[in-house]
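Trainee: below is the sequence, then the predicted model.
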Amino acid sequence: MTAREEVLHFKVINIVRSFKLLPRVFKILWETHHFYFLTILILNVVKGLIPAALLLATQNLINSVVIAHGNSVFDGVIYAFFWLIAITLLNELVGYTESYFHHLFETMLSNEVNIKIMEKSVKLSLATFEEAEVQDQLTRAQSEANSRPYQIFMTILSLISGTVTLLSTAAILLVWRWWVAILLILLPVTSFVSFLKLGQREFDVHFKRAPKMRESWYLSFLLTKDVSFKEIKLFNLGNYLLGHYKNIYSQFFVEDKKLAFRRFSLSILFQLLNLVVISSVIFLVLWSAYTGEIMIGSFVAMVQAVSNTQSSSQGVLQHLLSLCQHNLYMQQLFAFLDLKIEKASNRESDVALNDKINRLELKDVSFKYPNKSKYAVHEVSLELNKGETLALVGKNGSGKSTLVKLLTQLYQGYSGNILVNGYSARDMNHSQLLERIGVVFQDFVHYEMSMRHNIAFGEVHQIDNDKHILEAARKTGILPLINQLPQGLDTQMGKWFEEGHQLSGGQWQRVAIARAYIRNADLYILDEPSAFLDPEAEYEVFQMFRQLVADRMGIFISHRFSSVRYADKIAVMDEGRIVEYGSHYDLMALRGLYYELYTMQASAYLDNEKVVKI
Ligand SMILES: Nc1ncnc2c1ncn2[C@@H]1O[C@H](COP(=O)(O)OP(=O)(O)OP(=O)(O)O)[C@@H](O)[C@H]1O
């Protein structure tokens, strides 16, 4: 049974079992802030005792007035009055102090949980992170991270104070008629099971909703973010996407309405049952007072005790129910936090990379994406030495970018071997290896931060080293651009935040290349570095790349054969395999796929020239 099925097959007993999560919940609460946590806990125990104390004080006051009326001794009344005022004051004081600590603790707790989720996120491997189920778990964990853990805390507190109130008020009734106290405590149990089942159903509905929630989040992202705004306008997609979004939410509403109606009907039914029992018990108290069995003060206290016992018993069970539901959420959060981390990078057994990388070998490397039958990379073997450049070419989807992700160990589940200086990359100290590689991915990030951040993120400890950052900028030709920016390196980039300076596609691409170049790496990998560049910029970028890797190694992926031809080695990929391998001249002489692609592109340029001449 998969984890998902396990959760969906939760029965009443399994929900109760979910209480074993409580120690872990307490650990999070404790770690959030020891002092606040303990203080709130203690205040709640005190809060739980107050209703019974108030009750006894009221009973005492009324009875002492009755006694004083008979024998004109007023001291007892003053004394009882003092106690009532003191307890009322304590009640107020506890309430205000508790809400002060609550307020602070709430923010801290949601931060703590959000941080735990983000910490876990960055540790996951790319393969795990990309799994749809993991994305769903993340959505579930994140969507309620701000409210759920705090609600759990509140529920636990209400449970504590409710139980204390229940026991203390029930004790007053026990003295009078023990079976009435038991009846009032057990009465709400009848509703407990029904509400528990309903809670399970509500959870199942929300559990199954995660993929749709993700879809609705994505639709809202498309409709509200600048990256998609232009296309949405041009293709007039607004109404279509909005309709889709509304559709998802109207489906949610139908489900919610059904559940709300069930909850409403159950509540009415059990409320009526309660009313009948409570009225009968109050009539019994009334009868006792009428027959003179109890005094008037005790009568008032007893009626109050009946109502308190019944309501606190109902409250305790309600809180137990909420706790079950909250625990189901926590189970999702913990499932995400417990996800396996593929490689414990920097293990003691890892081979240290003490030297510069001067040799890279791939031996029969094959890789399939999870749940895919076809190889994205199939039996790839190649080698690269210091001072050499390798160009990867091939049609769309032939496996070039995947190969780069394998080289950078983003995916570990490959067969064959990748050797760095003769050692298997699998056994190498991961961070040391990655420190020696500078990569620009095809889908590089536009950081909506300052230019300084955008470049220095390649070597974050250089964030304040202007000289170093500007040198990387010079190598990609963006120095003149930086000089023109209103706050130079500290200018905000992009359009998401105030005073943001938007760059063109080619400028963003050069910034991304500068981010790789700021690293003093031994191997530079550029995945389609010229996709957004004009011919002049492309020429410039490749000249600089060749200079940079003259005594290092360089790999680039490109569909532009004008640049590819200058690489020392060219690997032509098709359906995951390397089908041709050699220099430009070797491959042209072969008259195979490379020749075909090269001449196709060259003739397209020549045709254009003809058109211009005509
Ligand atoms: N994250 C992923 N999950 C599943 N399959 C993927 C993933 N990324 C790529 N693929 C698949 O792997 C194959 C190789 O993709 P890859 O991105 O490596 O090709 P490429 O040669 O870089 O293509 P392009 O020239 O279009 O960038 C394709 O069939 C693609 O559908």
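Mentor: The structure has been received and is ready for your questions. Treat the numbers as computed from the prediction; the structure is a model and nothing was measured.

Trainee: low-confidence regions, the chain specifically.
Mentor: 1-18, 70, 72-73, 342-352, 604-614 (pLDDT under 70).

Trainee: for it, which residues are neighbours of the ligand?
Mentor: By C-beta under 6 Å from any ligand atom, the residues of the chain that approach the ligand are 130, 369, 372, 376, 394, 396-402, 442. The way it works is simple: take the backbone N, C-alpha and C, and place the C-beta from them, glycine included.

Trainee: could you rerun that using 5 Å?
Mentor: With C-beta under 5 Å from any ligand atom as the criterion, the chain comes near the ligand at residues 369, 376, 396-402.

Trainee: just the strands in the protein please.
Mentor: Remark: strands assigned in the chain by DSSP state E are 359-367, 377-385, 389-394, 415-420, 423-424, 437-440, 523-527, 553-557, 569-574, 577-582.

Trainee: including mean neighbour count, could those go into a markdown table?
Mentor: Listed next are the strands of the chain as a markdown table, based on neighbours: other C-beta atoms under 10 Å:
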| stretch | mean neighbour count |
| --- | --- |
| strand 359-367 | 18 |
| strand 377-385 | 18 |
| strand 389-394 | 23 |
| strand 415-420 | 17 |
| strand 423-424 | 14 |
| strand 437-440 | 24 |
| strand 523-527 | 23 |
| strand 553-557 | 25 |
| strand 569-574 | 23 |
| strand 577-582 | 18 |
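
Trainee: now tabulate these in JSON lines and tack on distance to residue 324.
Mentor: Listed next are those as JSON lines, based on distance: least, C-beta to C-beta, whole Å:
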{"stretch": "strand 359-367", "distance to residue 324": "43"}
{"stretch": "strand 377-385", "distance to residue 324": "47"}
{"stretch": "strand 389-394", "distance to residue 324": "54"}
{"stretch": "strand 415-420", "distance to residue 324": "45"}
{"stretch": "strand 423-424", "distance to residue 324": "49"}
{"stretch": "strand 437-440", "distance to residue 324": "47"}
{"stretch": "strand 523-527", "distance to residue 324": "49"}
{"stretch": "strand 553-557", "distance to residue 324": "53"}
{"stretch": "strand 569-574", "distance to residue 324": "54"}
{"stretch": "strand 577-582", "distance to residue 324": "54"}
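
Trainee: related to what we said a few turns ago, looking at the residues of the chain next to the ligand, state which has the most neighbours.
Mentor: residue 400 (27 neighbours; other C-beta atoms under 10 Å).

Trainee: just give the closest residue to residue 494, not the sequence neighbours.
Mentor: Among residues not flanking residue 494 along the chain, residue 448 sits closest, at 4.0 Å (C-beta to C-beta, 6 or more residues apart in numbering).

Trainee: equivalent analysis for residue 295, please.
Mentor: Nearest one to residue 295, counting by C-beta to C-beta, 6+ apart, is residue 63 at 5.4 Å.

Trainee: these two touch, right, that neighbour and residue 294?
Mentor: No. Residue 63 is beyond contact range of residue 294, at 9.9 Å (criterion: C-beta atoms under 8 Å).

Trainee: give me the outermost residue of this protein relative to its centroid.
Mentor: residue 71 (71.2 Å; C-alpha atoms, centre = their mean).

Trainee: quick one, what contacts that one?
Mentor: Applying C-beta atoms under 8 Å, 6 or more residues apart in numbering to residue 71 gives no contacts.

Trainee: no further queries at this time; thank you.
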